[in-house]
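S.K.: sequence first, then the predicted structure:
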Amino acid sequence: MTAAVTTVSQTAAGSPGPTRRRKPRSLLRGLLGNRKAMFGLVLLVLFVLLALLAPVISPADPSQISDAISLPPSAAHWFGTTSSGQDVLALTLWGSRSSLLVGFGVGIAATLIGIVIGMLSAYFGKIVDDLLSLFTNIFLLIPGLPLLVVLAAYLPPGQGTVAIVLIVTGWAGSARVLRAQALSIRGKDFVAAAVVTGEGALRVMFREILPNMASVVMTTFLGCVIFGIGAQAGLEFLGLGDTSTVSWGTNLYWASNNGSLMTGNWWVFLPSGLCIALVAFGLAMVNYAVDEITNPRLRTRRKG
Amino acid sequence: MSNLNTLLDIKNLCVTYRGGARELRAVDGVSFSIAEGEVLGLAGESGCGKSTVANAIMRLLKPPTEITADALHFEQRDLLALEGRKLRSFRWREIAMVFQSAMNSLNPVLTVGEQLADVFTTHERMGRREARDRSADLLRLVDIDPGRLKAYPHQLSGGMRQRVVIAMAVALRPKLLIMDEPTTALDVVVQQEIMAQIKGLQRQFGFSVLFISHDMSLMVELSDRIGVMYAGRLVEMAPARTIFTRPLHPYTNALMNAFPPLSGPRVELTALDDETRAAWSSHIPDLTEATPGHWVAPTPEGSHA
Amino acid sequence: MRYLLRNLGFYLIAFWTSLTLDFLMPRMMPGDPVSRMLAQSQGELQPDQVTQLRHLLGLDNRPMWRQYLSFVHDVFTGNLGVSISRFPTPVTQVIGSEIGWTLLLGGTALLIAVIAGNLLGVLAAWRRGGALDSVFPPLLVFVGSFPYFWLAMGALYLFGLTLGWFPLNHAYDVTFTPGFSAGFITNVISHLFLPAVTIVLVSIGGWMLGMRNTMIATEAEDYITMAEAKGLSPRRIMFRYAARNALLPSVTNFGLSLGFVVGGALLTEVVFAYPGLGYQLLSAVQALDYPLMQGIFLTITAAVLAANFLVDLVYVRLDPRVRVR
């Protein structure tokens, strides 16, 4: 027998009990080795860099109106200009700041709310759980976009409104997923053991349950960010966001409003939409990869 | 080993799981045979590889598992060579299997009748009505009211579900029935009923049985011969009575004594210490015939005490 | 039965919540909405409209609880107020004239996306590692990453404007009179095509991926192994054993995602100027027509809840374990 072959008994004798913590290191290593994850991460990092460096690398002030109206892409204006003479490349670069900021902000907030609700539900159970689930399900059921639209119409326009409105419509999705996961971990023996040995509620929640949910929290977070970016764009496209800020959504709003589409100025609305898609796609790829890594059954079997 | 009409002949069966960097030998060089009408018990603790042997025979293992054997023959046919349609028509007709948990092996969204009829419509190309009648007969065979054909698995009790699964297994009168821990998920009273059912059917139809369990006392009741597995290898093989009265291998001894007696003075449970386990896991030698019909793997010390 | 009743009760609570939200929102707004509207309309608001608005927004000095009761009463008797931007048409009338188009667009797109998506998912799972499994999911996810409205714009530009294959907006050309003539129907279909295809393209990835993952999880179940051991044909196992079970979570997800599809349909309507509820909602918002806005919101919510109930009915039919006596 070669040294590489292990017999069954060794593994049988060596297992100590239900595994407690899935090492975050192995998840990271798994991600780095996964093609999809790398592709997605590279995309994301690229966009974050562009957003951060926008003031430096932007060819012009995005709100600068000029006489160079509706010019197609050229050497002077790589992405062309809008119908009011603004440089599209500048608009796209600067737009990334607002879109990414709000997107990630909403994602973080929605995930945090989801974690809190999930853990409260899981730990306290019964009535608390029933009430919280009812509340969550109601918000899941009420159609998001109409609610978004109506809320935005009532509140004064501004970035803050957009963020609040997005969080209000977006938290339920993460709450549902995180609650389900927290509950399933709550039912495991090691949590029961912790409770029985007198560990306080906060400790149980944050040191026993939460670390084991790490991968689900990650996928939920990524999903919330995708939601944040997309919903923000949608809201702004409808003109309900803050039309004075520069973001990908407002770029598209102005593009549509100024009839760029109808006059065939495709370069005005192409970049912003493409950027949204690329960021969302990058996030989705990382998500896909995290799913594959933590659920081995989903991995594509290598042939041969 | 007895030579009367060998049904299943296995020589040097190896099952290897390849998981990227590591390799795991779940079954390592297991050889045995089953004669017509014989009941062979396969005993061992969880993880010793006995279920893997069963799955290998049924060809249910999927990549990345690798099955190799010098011989894996059923009635002189090479089981490893069967593929596709030949494999599918072979399955259930010649060899059938009863899985451990009936609740999990029955499709929750189909009625019991539909799942029984499936067997007939697939293998015998029967029409629906005829399949239904045959299914009703099957239920009667295991003492279940045929009206239960319309029931869904979750509506039946554990014992009834197991009997349904057993009925399903004997539907095509296979020559070999593999039973993988058929009573483990049931309580003791129902266990007895199921064992009686199996015994009755075996006497009635005369099929061979490969009975897998970790419960030695249960096996001794039913089996003609018993093989004991540990760490993917066979450590002892002898007629049932002999194993029960004169186990030679220390592991068999430990297994037999794992269940404390209900009466009599309190005794310490026999267990294997970690040293012994470690010593054995590196290499368990091949079986040698200690007395006629009684095969044991010599323990490292060389003695069989 | 109990399952259905419990869900029904839940939907009623959800509807009541949106009702209450609807009621509270105008009353919680900062500033005086009426003055805002007056400012926007530049003094064109008639006194009737102003009174109606004040009544609607609770600024007419009645006690809160009385306002709430009359509000609830109004909703359940079908009185959603009078539209400001189309004064004096009642809101229900406005909605009634538009809802058909939204149902047509949304319904068609949804059906196609769901059926095609799930079928593709089943096939992709069955042939793990094949072309369908490795190419389509990432591709469809990529397409689904684009915002609905952007794809809609792109499609409009490409196929409508540049290639001229499809009309650019509205549900049908005004030269046709509505009716069941072949000419009218073809015209409707040609107007419907681009918006529907857009919605299908964006949403199909989700269905396919979801079904694929559920199928993979189902394939690991013991009854699939048993079905194989029984020697059943792969096709029978795939459909009667695997897909039939994988369908259950799919159906549940379908209900929950209806809300999203509605959102997508609304955005698409805006781009194509398709005269459905979405387009109407937006113009209501722009005109600060609060009664109409609220009315549409309630209608859409009610419709989604009703659809969810229908989905529950289907689920009970599919999963015998839920039909506890």
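M.R.: Sure thing, it's come through. Numbers count the residues shown, from 1 in each chain, chains lettered A, B, ... in the order given.

S.K.: just want the phi and psi numbers for the residue of chain B positioned farthest from its centre.
M.R.: Taking CA atoms, centre = their mean, the residue of chain B most remote from its mean C-alpha position is B:Pro265, at 34.2 Å. Here is the backbone geometry of B:Pro265 (degrees, to the nearest 10): phi -70, psi 160.

S.K.: how about it, what does it touch?
M.R.: Applying CB atoms under 8 Å, 6 or more residues apart in numbering or on different chains to B:Pro265 gives no contacts. All C-beta spots, glycine's among them, are computed from the backbone N, C-alpha and C.

S.K.: got a pLDDT number for it?
M.R.: Listed pLDDT for B:Pro265 reads 77.

S.K.: ok, the closest residue to chain B within the stretch 51-200 of chain A to B:Gly47 distance?
M.R.: Chain B sits closest to A:Asp189 of the stretch 51-200 of chain A, with a gap of 17.8 Å, by CB to the nearest CB. From A:Asp189 across to B:Gly47, the span is 20 Å (CB to CB, to the nearest Å).

S.K.: neighbour-wise, which of the two wins?
M.R.: Neighbours per residue (other CB atoms under 10 Å in any protein chain shown) separate A:Asp189 from B:Gly47, with B:Gly47 holding more: 18 against 9.

S.K.: sec struct for that one, please.
M.R.: Using DSSP: H, G, I helix; E, B strand; the rest coil, the secondary structure recorded for B:Gly47 is coil.

S.K.: next up, phi/psi of it, please.
M.R.: Reported as degrees, to the nearest 10, the phi and psi values for B:Gly47 are phi 90, psi 0.

S.K.: tell me the centre residue of chain C?
M.R.: Using CA atoms, centre = their mean, the most central residue of chain C is C:Val262, at 2.0 Å.

S.K.: and that one, what is it in contact with?
M.R.: Counting by CB under 8 Å, 6+ apart, C:Val262 touches A:143, A:145-146, C:106, C:300, C:303-304.

S.K.: check which helix or strand it maps to.
M.R.: helix C:244-272 (DSSP states H and E).

S.K.: show me what whichever helix or strand comes after that helix is packed against.
M.R.: The C-terminal neighbour of helix C:244-272 among helices and strands, as given by DSSP H and E, is helix C:277-286. Under the contact definition 3 or more CB pairs under 8 Å, 6 or more residues apart in numbering or on different chains; DSSP states H and E, helix C:277-286 sits against helix A:144-154, helix C:91-126, helix C:244-272, helix C:290-318.

S.K.: what residues does the shortest one touch?
M.R.: Taking contacts as CB under 8 Å, 6+ apart, the residues outside helix A:144-154 that touch it are A:161-162, A:165-166, A:168-170, A:231, A:234-235, A:238, A:240-241, C:18, C:21-22, C:25-26, C:28-29, C:33, C:259-260, C:262-264, C:266-267, C:281-282, C:285, C:288, C:290, C:293-294, C:296-297, C:300-301.

S.K.: which among those count as buried?
M.R.: A:161-162, A:165-166, A:168-170, A:231, A:234-235, A:238, A:240-241, C:18, C:21-22, C:25-26, C:29, C:33, C:259-260, C:262-264, C:266-267, C:281-282, C:285, C:288, C:290, C:293-294, C:296-297, C:300-301 (16 or more other CB atoms under 10 Å in any protein chain shown).

S.K.: which ones are touching the closest residue to chain A within chain C?
M.R.: Distances between chain C and chain A by CB to the nearest CB are smallest at C:Gly263, namely 3.0 Å. Going by CB under 8 Å, 6+ apart, C:Gly263 touches A:143-146, A:148, A:234, C:148.

S.K.: dump these to JSON lines, plus pLDDT.
M.R.: Converted to JSON lines, the contacts of C:Gly263 look like this (pLDDT from 0 to 100):
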{"residue": "A:Pro143", "pLDDT": "82"}
{"residue": "A:Gly144", "pLDDT": "81"}
{"residue": "A:Leu145", "pLDDT": "82"}
{"residue": "A:Pro146", "pLDDT": "84"}
{"residue": "A:Leu148", "pLDDT": "82"}
{"residue": "A:Gly234", "pLDDT": "84"}
{"residue": "C:Tyr148", "pLDDT": "79"}
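
S.K.: what parts of chain B come near chain A?
M.R.: Counting by CB under 8 Å from any CB of the partner chain, chain B comes close to chain A at B:16, B:22-26, B:28, B:45-49, B:63-64, B:230-232, B:274, B:277-278, B:280-283.

S.K.: residue boundaries of the helices in the stretch 51-200 of chain A?
M.R.: A:88-124, A:126-141, A:144-154, A:159-186, A:189-196 (DSSP state H, counting those that start in this stretch).

S.K.: show me what the fourth one is packed up against.
M.R.: Looking back up the chat, that one is helix A:159-186. Partner elements for helix A:159-186 (3+ CB pairs under 8 Å, 6+ apart): helix A:88-124, helix A:126-141, helix A:144-154, helix A:214-237.

S.K.: how about a cut-off of 10 Å?
M.R.: helix A:88-124, helix A:126-141, helix A:144-154, helix A:189-196, helix A:210-212, helix A:214-237, helix C:244-272 (3 or more CB pairs under 10 Å, 6 or more residues apart in numbering or on different chains; DSSP states H and E).

S.K.: between those helices, which one is nearest to C:Glu98?
M.R.: Nearest of the helices and strands packed on helix A:159-186 to C:Glu98, taken as CB to CB: helix C:244-272 at 9.4 Å.

S.K.: close to chain C, is the helix or strand where A:Glu292 lies?
M.R.: Using DSSP H and E, A:Glu292 falls within helix A:266-294. Yes: on the criterion CB under 10 Å from any CB of the partner chain, helix A:266-294 is in touch with chain C at A:266, A:269-270, A:272-274, A:276-285, A:287-288, A:291.

S.K.: how close does C:Gly264 sit to chain B?
M.R.: Distance of C:Gly264 to chain B, given as CB to the nearest CB, to the nearest Å: 31 Å.

S.K.: where are the low-confidence patches of the stretch 101-250 of chain C?
M.R.: Applying pLDDT under 70 to the stretch 101-250 of chain C flags residues C:168, C:171-180.

S.K.: can you name the residues of it sitting close to chain A?
M.R.: C:128-130, C:133-134, C:137-138, C:141-151, C:153-154, C:156-158, C:160-162, C:168-169, C:205, C:209, C:212-213, C:216-217, C:219-220.

S.K.: tell me the pLDDT at residue 22?
M.R.: This is for chain A. The model's pLDDT for A:Arg22 equals 48.

S.K.: ah, I was thinking of chain C
M.R.: Looking at C:Asp22, its pLDDT reads 80.

S.K.: list phi and psi for it.
M.R.: phi -60, psi -40.

S.K.: that one contacts C:Ala302, doesn't it?
M.R.: No: using CB atoms under 10 Å, C:Asp22 is not in contact with C:Ala302; the gap is 11.3 Å.
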